[in-house]
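Novice: Sharing a model prediction with you, sequence too.
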Amino acid sequence: MIEVTKPRAIALGYFDGVHLGHRALMQRAVERAKQIGGTSAVFTFDVHPDSVVMGRQVPLLTANAYRTEEIKKLGGVDEVIFGHFDHEMQHMDWRDFIHKLLIGRFNAGWIISGRNNRFGYKGQGNAEGMAIECEKAGIGYDCIEDVKIGGIVVSSTYIRQLISQGDMEGAAKFLGHPYTVSGIVEHGRRVGTSVLQVPTVNLRLPTEMALPPYGVYATRVLVDGQSYIAATNIGVKPTFLDGGAPTIEPHLLDFAGDLYGKMIHVELHKFLRPEMQFESVEALKTAIEENVQQTRDFFAE
Ligand SMILES: Cc1cc2nc3c(=O)[nH]c(=O)nc-3n(C[C@H](O)[C@H](O)[C@H](O)COP(=O)(O)O)c2cc1C
Ligand SMILES: Nc1ncnc2c1ncn2[C@@H]1O[C@H](COP(=O)(O)OP(=O)(O)OP(=O)(O)O)[C@@H](O)[C@H]1O
């Protein structure tokens, strides 16, 4: 239970993917919360500001349904606050954002943001302005310097690019964890079990998420506190179907049983090959057997 009277140490940003830069901010928020005898929080928005401001959908690294859970789990903060990003929020003066919203409404006792963070109408608020206003209000402020890997600044935008190229190892390096797609297992058409004799669990890809290239991946599936390696196809199964929504279909290597209706998390570790339209079911089966071996080899290393 969080006491509302306590001051909050609040980290600012969208936190999509919860990458290593985000974690540096949240770690500081946790430290500052202890120091001020308060609680740690992230202030984010319910929709990505770019999707409202620029009118284009941003493919997300964290599905909406799991944002709170992911941010809390990876960042260790007590609370995730979702501001509603609407016309009013978009037009809020940056000083009002600090004084009225963060301090007035959410009792900020310390604010933490990155060097490149912009906020308020037309992104007119920045780290320098934040430092001045926090000092005036008598609260603390930390500007976190850019976290970089190999000279490249860690950012959600850069990680989205890596994922769109199928570079799952690169994405994991910048995220600090494997790119993961989660969902509830649905029924497939049962071709996997009957014709192919390769049982798979079917997940629909959340439409808001960043889509890696259609193809086969070496993956790890987490379910009911257990972890299984799996060869996973992402795509539209062109050998069997014409079009349709893409699915993600893990074939768990050392598991027999029914996962229908369960929540599973699929960690995408390595792109193995593009999805293809095979001449025959036999040819597809041979390719899958090779992918199974590649998956075993990958995780044995
Ligand atoms: C490791 C793996 C690789 C696959 N590769 C392909 C592929 O390249 N092309 C394709 O059409 N389907 C591919 N599939 C998907 C199968 O076609 C799919 O599992 C089958 O159609 C069963 O669908 P169902 O679960 O809806 O019954 C692959 C499946 C697995 C597990
Ligand atoms: N590499 C980083 N090092 C330190 N702080 C960062 C880093 N990346 C982002 N931040 C900060 O973390 C907070 C969350 O930022 P946000 O989620 O908007 O990040 P982003 O990854 O830079 O996103 P985008 O790529 O869409 O700009 C912001 O205050 C931002 O300045």
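Specialist: That came through fine. As the structure is a prediction and not an experimental result, all values here were calculated from the model. Ligands and ions are numbered 1, 2, ... in the order given.
Novice: Can you name every helix or strand that the one helix or strand Arg95 maps to contacts?
Specialist: Assigning secondary structure by DSSP states H and E places Arg95 in helix 94-96. Helix 94-96 sits against helix 127-137, with contacts defined as 3 or more Cβ pairs under 8 Å, 6 or more residues apart in numbering; DSSP states H and E. Where you see a C-beta, it was placed from the backbone N, CA and C, and this is true even at glycine.
Novice: Quick one: neighbours of the nearest residue to Tyr141 once chain neighbours are set aside, just the number.
Specialist: Leaving aside its sequence neighbours, Tyr141 sits nearest to Cys134 (Cβ to Cβ, 6 or more residues apart in numbering; 3.7 Å). By other Cβ atoms under 10 Å, 21 other residues sit near Cys134.
Novice: Look up how far Val80 lies from Cys134.
Specialist: Distance, Cys134 to Val80, using Cβ to Cβ, to the nearest Å: 21 Å.
Novice: Phi first, then psi, for the residue in the stretch 51-200 of the chain that ligand 2 sits nearest to.
Specialist: The stretch 51-200 of the chain approaches ligand 2 most closely through Gly114 (2.0 Å), counting by Cβ to the nearest ligand atom. Gly114 adopts backbone torsions of phi -90, psi 160, taken as degrees, to the nearest 10.
Novice: Wait, it touches Gly21, no?
Specialist: Yes. Counting by Cβ atoms under 8 Å, Gly114 touches Gly21, with 6.5 Å between them.
Novice: Mutual contacts of the two, please.
Specialist: Counting by Cβ atoms under 8 Å, 6 or more residues apart in numbering, the shared contacts of Gly114 and Gly21 are 144, 146.
Novice: tell me the mean pLDDT over the longest strand seen in the chain?
Specialist: Among the segments of the chain that qualify as a strand by DSSP state E, the longest is strand 263-274. Summarised as a single mean, pLDDT over strand 263-274 is 96.
Novice: Could you pull out the strands in this protein for me?
Specialist: Secondary structure of the chain (DSSP E): strands at 8-12, 39-45, 79-83, 108-114, 140-144, 148-149, 152-153, 179-184, 203-204, 215-223, 226-235, 247-252, 263-274.
Novice: For the residue of the stretch 51-200 of the chain closest to ligand 2, which non-adjacent residue is closest in space?
Specialist: Ile144 (5.2 Å).
Novice: got a pLDDT number for the one you found?
Specialist: 97.
Novice: hang on, isn't it packed against Asn116?
Specialist: No. Applying Cβ under 8 Å as the test, Ile144 and Asn116 come out as separate, 10.1 Å apart.
Novice: on that earlier part again, any bit of the longest strand of the chain sitting next to ligand 1?
Specialist: No. Using Cβ under 6 Å from any ligand atom, we find that strand 263-274 stays clear of ligand 1, coming within 7.4 Å at best.
Novice: in that strand, what's buried?
Specialist: For strand 263-274, a neighbour-count test (16 or more other Cβ atoms under 10 Å) marks 264-272 as buried.
Novice: How about the residues of this protein by ligand 2?
Specialist: The chain comes close to ligand 2 at residues 12-16, 21-22, 24-25, 113-114, 116-117, 144, 146-147, 153-157, as judged by Cβ under 6 Å from any ligand atom.
Novice: quick one: which of those residues sit in helices?
Specialist: Mapping these onto helices (DSSP state H) picks out 21-22, 24-25, 156-157.
Novice: Just the buried residues of these.
Specialist: In terms of neighbour count (16+ other Cβ under 10 Å), the buried residues within these are 21-22, 24-25, 156.
Novice: nearest residue to Leu12 other than its sequence neighbours?
Specialist: Distances taken as Cβ to Cβ, 6+ apart put Ser113 closest to Leu12, at 4.3 Å, once the chain neighbours are dropped.
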